[in-house]
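In: Sequence plus predicted model, see below.
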Amino acid sequence: MKKIILLLIICNPFTTKAQDSLVVLKKGADTLYTSSGFKVYVGQQLKIGVGSTPDGDFKYIRRSATSLFNYYSTTGYNALANSANALPRSLSGHEYKILRIDKRGNKKNGFVYYPILKGIRYEVDIDNAISFGEIVVPDEYKPKPKSTIIEIKQNISVADELEKLKKLRDDGVITNEEFEAQKKKLLGE
């Protein structure tokens with residue numbers, strides 16, 4: 001009996017993480033809302049799109065940071081770790097259920113929520129995965145491209161304009177009165 005109690009005391013730190021995520025789910029954090037308004041919840045089927053890295057692997061769907069199989073790079077080059085943890089491109093087009101939603105962080109720095117995919121146990125950076133097409137969502141939830149207004153400004157000085165007007169007057173294209181009127185406009189008189 002003492003051995004069982006001792007075993008339960010020793011194993012308690014390992015079970016608190018699981019209990020912690022269950023408490024989060026019970027408090028209503030089983031649904032995440034992305035910045036585009038798409039709802040993500042436990043049990044939902046997510047369709048995997050295409051990877052956003054140059055080789056076709058996924059950047060925002062990766063092995064869970066809490067996984068025993070997560071690769072950590074001890075060198076200064078973290079691209080190896082990112083590549084080793086990425087969801088492979090061979091899983092494009094598959095569908096996976098959301099097993100749970102992990103909460104990470106603290107009150108001081110804030111919390112981040114990651115849906116964990118059932119079966120493969122990969123975590124999803126949901127907003128970025130949607131933005132880059134790694135998760136397929138209905139069109140109304142895809143981020144809208146920001147319209148870009150390009151303003152073309154010509155760097156023409158007043159002196160250049162006056163010179164052009166003078167040439168037009170000298171060539172007889174405009175009269176002296178038209179020249180004076182345009183000159184006043186340019187000089188702000």
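Out: Yep, it's here. Values in this document were obtained by computation on a predicted structure and should not be read as measured data.
In: CA atoms for contacts and neighbours, from now on please.
Out: Noted.
In: If you count neighbours, what's buried in stretch 177-189?
Out: Residues F179, K183 are the ones in stretch 177-189 that count as buried (16 or more other Cα atoms under 10 Å).
In: I meant to write stretch 95-104 there.
Out: Buried, per 16+ other Cα under 10 Å, within stretch 95-104: E95, Y96, K97, I98, L99, R100, I101, D102, K103.
In: quick check, the second one in a strand?
Out: This points to Y96. Yes - judged by DSSP: H, G, I helix; E, B strand; the rest coil, Y96 forms part of a strand.
In: The chain: strands as residue ranges?
Out: 31-33, 39-41, 45-48, 61-63, 95-106, 110-117, 122-124, 135-136 (DSSP state E).
In: can you put the ones you listed in TSV and add mean pLDDT and distance to K183?
Out: As requested, the strands of the chain are exported to TSV (pLDDT from 0 to 100; distance: least, Cα to Cα, whole Å):
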stretch	mean pLDDT	distance to K183
strand 31-33	87	60
strand 39-41	91	62
strand 45-48	92	64
strand 61-63	86	64
strand 95-106	90	66
strand 110-117	90	61
strand 122-124	89	64
strand 135-136	90	60
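In: Let me have those in CSV, extended by distance to E177.
Out: Shown next, in CSV, are the strands of the chain (distance: least, Cα to Cα, whole Å):
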stretch, distance to E177
strand 31-33, 67
strand 39-41, 69
strand 45-48, 71
strand 61-63, 71
strand 95-106, 74
strand 110-117, 70
strand 122-124, 71
strand 135-136, 66
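In: Those strands: which one's closest to K164?
Out: Ranking these by proximity to K164 (Cα to Cα) places strand 135-136 first, at 57.5 Å.
In: Parallel or antiparallel, which strands does the closest one pair with?
Out: When pairs are called by DSSP bridges, strand 135-136 turns out to pair with strand 45-48 (antiparallel).
In: I48 and G93 touch, don't they?
Out: Yes - the pair I48 and G93 qualifies as a contact (Cα atoms under 8 Å) at a distance of 5.1 Å.
In: which of these two has more neighbours?
Out: Each of I48 and G93 has its neighbours counted (other Cα atoms under 10 Å); I48 has more, 22 against 15.
In: Bridged to that one, which residues?
Out: Under the criterion used (DSSP bridges), I48 bridges to I135.
In: That one: what's it in contact with?
Out: L91, S92, G93, H94, E95, Y96, E134, I135, V136 (Cα atoms under 8 Å, 6 or more residues apart in numbering).
In: Which residues are in contact with K97?
Out: Contacts for K97 were tallied using Cα under 8 Å, 6+ apart; they are V42, G43, Q44, Q45, L46, L117, K118.
In: how near is it to T34?
Out: Remark: distance between K97 and T34 (Cα to Cα, to the nearest Å) = 17 Å.
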